[in-house]
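1. No sequence on hand, only this structure:
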(Lines give C-alpha, C1' and ligand atoms only; values in the text may rest on other atoms or scores of the structure.)
Protein backbone atom coordinates (compact mmCIF):
# COMPACT_ATOMS: atom_id res chain seq x y z
CA UNK A 1 0.00 0.00 0.00
CA UNK A 2 2.81 2.43 0.88
CA UNK A 3 4.44 1.73 -2.48
CA UNK A 4 1.19 2.46 -4.30
CA UNK A 5 0.77 5.77 -2.44
CA UNK A 6 4.39 6.67 -3.20
CA UNK A 7 3.96 5.93 -6.91
CA UNK A 8 0.73 7.94 -7.08
CA UNK A 9 2.28 10.89 -5.22
CA UNK A 10 5.35 10.86 -7.47
CA UNK A 11 3.19 10.74 -10.60
CA UNK A 12 1.09 13.68 -9.36
CA UNK A 13 4.22 15.71 -8.63
CA UNK A 14 5.71 15.00 -12.05
CA UNK A 15 2.40 15.85 -13.67
CA UNK A 16 2.30 19.19 -11.82
CA UNK A 17 5.85 20.11 -12.85
CA UNK A 18 5.37 19.19 -16.51
CA UNK A 19 1.92 20.74 -16.89
CA UNK A 20 2.65 24.07 -15.22
CA UNK A 21 6.04 24.72 -16.79
CA UNK A 22 5.27 24.94 -20.53
CA UNK A 23 2.91 27.29 -22.34
CA UNK A 24 0.51 25.75 -24.88
CA UNK A 25 2.16 22.33 -24.75
CA UNK A 26 -0.77 20.37 -23.37
CA UNK A 27 -3.69 22.57 -24.45
CA UNK A 28 -4.34 25.84 -26.22
CA UNK A 29 -7.22 28.19 -26.96
CA UNK A 30 -8.41 27.29 -30.44
CA UNK A 31 -9.43 30.79 -31.52
CA UNK A 32 -11.33 33.78 -30.21
CA UNK A 33 -14.19 33.23 -27.78
CA UNK A 34 -17.52 33.90 -29.51
CA UNK A 35 -20.73 35.48 -28.22
CA UNK A 36 -23.89 34.68 -30.18
CA UNK A 37 -27.65 34.69 -29.66
CA UNK A 38 -28.80 31.13 -28.94
CA UNK A 39 -32.48 32.12 -28.84
CA UNK A 40 -34.70 34.73 -27.17
CA UNK A 41 -33.71 33.43 -23.73
CA UNK A 42 -29.99 32.80 -23.93
CA UNK A 43 -26.72 34.21 -25.21
CA UNK A 44 -24.24 31.45 -26.06
CA UNK A 45 -20.56 31.90 -25.20
CA UNK A 46 -18.24 29.37 -26.83
CA UNK A 47 -14.66 28.68 -25.75
CA UNK A 48 -12.78 26.64 -28.40
CA UNK A 49 -9.77 24.67 -27.20
CA UNK A 50 -7.47 21.89 -28.33
CA UNK A 51 -5.79 19.18 -26.31
CA UNK A 52 -2.32 18.59 -27.69
CA UNK A 53 -0.53 16.10 -25.43
CA UNK A 54 -1.52 13.79 -22.60
CA UNK A 55 0.35 15.04 -19.48
CA UNK A 56 0.41 11.52 -18.06
CA UNK A 57 2.60 10.38 -20.94
CA UNK A 58 5.02 13.17 -20.12
CA UNK A 59 5.05 12.17 -16.45
CA UNK A 60 5.49 8.45 -17.23
CA UNK A 61 8.57 9.22 -19.36
CA UNK A 62 8.18 6.04 -21.39
CA UNK A 63 7.80 3.73 -18.39
CA UNK A 64 5.03 1.12 -18.44
CA UNK A 65 2.52 1.26 -15.56
CA UNK A 66 3.12 -1.33 -12.85
CA UNK A 67 -0.07 -0.92 -10.79
CA UNK A 68 -3.79 -0.65 -11.46
CA UNK A 69 -3.76 2.87 -10.03
CA UNK A 70 -1.05 4.07 -12.42
CA UNK A 71 -2.48 2.40 -15.56
CA UNK A 72 -4.30 4.72 -17.99
CA UNK A 73 -5.49 4.93 -21.59
CA UNK A 74 -3.14 7.43 -23.33
CA UNK A 75 -5.78 8.21 -25.97
CA UNK A 76 -7.93 9.98 -23.37
CA UNK A 77 -7.26 12.94 -21.09
CA UNK A 78 -9.21 12.95 -17.82
CA UNK A 79 -10.64 15.61 -15.51
CA UNK A 80 -10.33 18.72 -17.68
CA UNK A 81 -11.87 21.86 -16.24
CA UNK A 82 -12.55 24.91 -18.38
CA UNK A 83 -13.45 28.00 -16.36
CA UNK A 84 -14.70 31.18 -17.97
CA UNK A 85 -14.75 34.63 -16.39
CA UNK A 86 -16.60 37.23 -18.42
CA UNK A 87 -17.12 40.95 -17.89
CA UNK A 88 -19.88 43.13 -19.34
CA UNK A 89 -20.41 46.87 -18.94
CA UNK A 90 -23.79 47.96 -17.60
CA UNK A 91 -24.56 50.38 -20.41
CA UNK A 92 -28.01 51.21 -19.02
CA UNK A 93 -26.62 52.61 -15.75
CA UNK A 94 -23.75 54.26 -17.60
CA UNK A 95 -26.27 56.12 -19.80
CA UNK A 96 -28.50 57.10 -16.88
CA UNK A 97 -25.52 58.45 -14.92
CA UNK A 98 -23.90 60.15 -17.91
CA UNK A 99 -21.79 63.09 -16.80
CA UNK A 100 -21.16 61.68 -13.32
CA UNK A 101 -17.71 61.20 -11.83
CA UNK A 102 -17.91 57.38 -11.94
CA UNK A 103 -15.11 55.58 -13.75
CA UNK A 104 -15.92 53.04 -16.46
CA UNK A 105 -14.78 50.27 -14.12
CA UNK A 106 -17.67 51.07 -11.76
CA UNK A 107 -20.06 49.76 -14.41
CA UNK A 108 -18.26 46.44 -14.91
CA UNK A 109 -20.22 43.27 -14.05
CA UNK A 110 -18.36 39.98 -13.70
CA UNK A 111 -19.68 36.45 -14.11
CA UNK A 112 -18.07 33.01 -14.07
CA UNK A 113 -18.86 29.35 -14.68
CA UNK A 114 -16.92 26.12 -15.04
CA UNK A 115 -17.32 22.99 -17.11
CA UNK A 116 -15.81 19.67 -16.09
CA UNK A 117 -15.00 17.12 -18.77
CA UNK A 118 -14.56 13.77 -17.06
CA UNK A 119 -12.73 12.55 -20.15
CA UNK A 120 -11.91 13.77 -23.66
CA UNK A 121 -10.49 11.75 -26.52
CA UNK A 122 -7.10 13.09 -27.54
CA UNK A 123 -7.27 14.00 -31.24
CA UNK A 124 -6.77 16.98 -33.53
CA UNK A 125 -10.39 18.10 -33.40
CA UNK A 126 -11.23 21.37 -31.67
CA UNK A 127 -13.34 20.93 -28.54
CA UNK A 128 -15.84 23.46 -27.25
CA UNK A 129 -16.86 24.57 -23.80
CA UNK A 130 -20.26 26.21 -24.25
CA UNK A 131 -21.86 28.50 -21.69
CA UNK A 132 -25.20 30.29 -21.59
CA UNK A 133 -25.92 33.79 -20.29
CA UNK A 134 -29.52 35.01 -19.70
CA UNK A 135 -30.63 37.34 -22.49
CA UNK A 136 -33.06 39.08 -20.11
CA UNK A 137 -30.20 40.28 -17.88
CA UNK A 138 -28.20 41.41 -20.90
CA UNK A 139 -31.16 43.42 -22.21
CA UNK A 140 -31.96 44.82 -18.77
CA UNK A 141 -28.43 46.10 -18.35
CA UNK A 142 -28.04 47.44 -21.87
CA UNK A 143 -25.52 45.08 -23.45
CA UNK A 144 -27.88 42.65 -25.13
CA UNK A 145 -29.19 42.63 -28.69
CA UNK A 146 -28.10 41.03 -31.94
CA UNK A 147 -24.43 41.81 -31.26
CA UNK A 148 -22.99 41.22 -27.80
CA UNK A 149 -19.67 42.89 -27.12
CA UNK A 150 -18.00 41.81 -23.85
CA UNK A 151 -15.70 44.14 -21.96
CA UNK A 152 -13.35 41.24 -21.41
CA UNK A 153 -12.93 37.61 -20.47
CA UNK A 154 -10.41 35.24 -18.93
CA UNK A 155 -10.08 31.48 -19.36
CA UNK A 156 -8.51 28.88 -17.11
CA UNK A 157 -7.88 25.26 -18.07
CA UNK A 158 -6.75 22.61 -15.61
CA UNK A 159 -5.99 18.91 -16.03
CA UNK A 160 -6.38 16.57 -13.06
CA UNK A 161 -6.41 19.53 -10.67
CA UNK A 162 -3.29 21.23 -12.03
CA UNK A 163 -3.52 24.60 -13.75
CA UNK A 164 -1.86 24.62 -17.18
CA UNK A 165 -0.25 27.57 -18.92
CA UNK A 166 -2.10 28.80 -22.00
CA UNK A 167 -1.56 31.88 -24.12
CA UNK A 168 -4.28 34.26 -25.35
CA UNK A 169 -6.39 33.38 -22.33
CA UNK A 170 -7.26 36.97 -21.34
CA UNK A 171 -9.00 39.65 -23.41
CA UNK A 172 -9.73 43.08 -21.97
CA UNK A 173 -10.88 45.84 -24.31
CA UNK A 174 -7.90 46.95 -26.42
CA UNK A 175 -5.25 46.34 -23.78
CA UNK A 176 -2.36 44.01 -24.62
CA UNK A 177 0.20 44.59 -21.86
CA UNK A 178 0.50 41.68 -19.46
CA UNK A 179 0.20 43.70 -16.23
CA UNK A 180 -3.16 45.22 -17.24
CA UNK A 181 -4.51 41.88 -18.41
CA UNK A 182 -3.49 40.14 -15.18
CA UNK A 183 -5.04 42.92 -13.11
CA UNK A 184 -8.28 42.53 -15.07
CA UNK A 185 -8.28 38.79 -14.39
CA UNK A 186 -7.71 39.39 -10.67
CA UNK A 187 -10.75 41.67 -10.62
CA UNK A 188 -12.81 39.09 -12.49
CA UNK A 189 -11.87 36.32 -10.06
CA UNK A 190 -12.55 38.52 -7.03
CA UNK A 191 -15.86 40.01 -8.19
CA UNK A 192 -17.61 37.24 -10.13
CA UNK A 193 -18.58 35.43 -6.91
CA UNK A 194 -21.35 37.99 -6.32
CA UNK A 195 -23.08 36.80 -9.53
CA UNK A 196 -22.95 33.05 -9.03
CA UNK A 197 -25.17 30.71 -11.09
CA UNK A 198 -26.13 33.35 -13.67
CA UNK A 199 -23.65 32.20 -16.30
CA UNK A 200 -24.15 28.43 -16.65
CA UNK A 201 -22.67 25.49 -18.61
CA UNK A 202 -24.83 25.02 -21.71
CA UNK A 203 -25.28 21.26 -21.34
CA UNK A 204 -27.07 21.79 -18.03
CA UNK A 205 -29.83 23.58 -19.95
CA UNK A 206 -29.70 21.76 -23.28
CA UNK A 207 -28.42 18.16 -23.32
CA UNK A 208 -27.71 18.60 -27.04
CA UNK A 209 -24.45 20.31 -26.05
CA UNK A 210 -22.87 17.00 -25.10
CA UNK A 211 -19.99 16.46 -27.52
CA UNK A 212 -18.80 13.34 -29.32
CA UNK A 213 -15.78 11.64 -27.69
CA UNK A 214 -16.25 13.59 -24.45
CA UNK A 215 -18.09 13.03 -21.20
CA UNK A 216 -19.28 16.15 -19.42
CA UNK A 217 -19.96 16.14 -15.71
CA UNK A 218 -23.43 17.31 -14.71
CA UNK A 219 -23.75 19.38 -11.52
CA UNK A 220 -27.20 20.25 -10.21
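-> The structure has been received and is ready for your questions. Nothing here was measured: the structure is a model prediction, and the numbers come from that model.

2. Please look at residue 144 and residue 133 and confirm they touch.
-> No: if you go by CB atoms under 8 Å, residue 144 and residue 133 don't touch, sitting 9.3 Å apart. Any C-beta I mention is one placed from the backbone N, CA and C, and that applies to glycine too.

3. separation between residue 65 and residue 122?
-> 17 Å (CB to CB, to the nearest Å).

4. higher neighbour count, residue 144 and residue 133?
-> residue 133 (24 against 19; other CB atoms under 10 Å).

5. shouldn't residue 203 be in contact with residue 217?
-> No: taking contacts as CB under 8 Å, residue 203 lies outside contact range of residue 217: 9.4 Å.

6. what sits in contact with each of these two?
-> Residues touching both residue 203 and residue 217 (CB atoms under 8 Å, 6 or more residues apart in numbering): residue 115.

7. Between the two, which is the more surrounded one?
-> Ranked by neighbour count (other CB under 10 Å), residue 203 and residue 217 place residue 203 first, with 20 against 14.

8. which residues touch that one?
-> So residue 203 contacts 115, 130, 209, 210, 216, 218 (CB under 8 Å, 6+ apart).

9. 7 Å - rerun?
-> Counting by CB atoms under 7 Å, 6 or more residues apart in numbering, residue 203 makes contact with 209, 210, 216.

10. What are the phi and psi values at the first one?
-> Residue 209 has phi and psi values of phi -80, psi 0 when expressed as degrees, to the nearest 10.

11. And for it, the neighbour number?
-> 19.

12. can I assume it is in contact with residue 200?
-> No: Residue 209 lies out of contact with residue 200 (CB atoms under 7 Å); the separation is 11.0 Å.

13. excluding its backbone neighbours, what's nearest residue 170?
-> Nearest non-adjacent residue to residue 170, counting by CB to CB, 6 or more residues apart in numbering: residue 181, 4.3 Å away.

14. tell me the contacts of that neighbour?
-> Counting by CB under 7 Å, 6+ apart, residue 181 has contacts 170, 172, 175.
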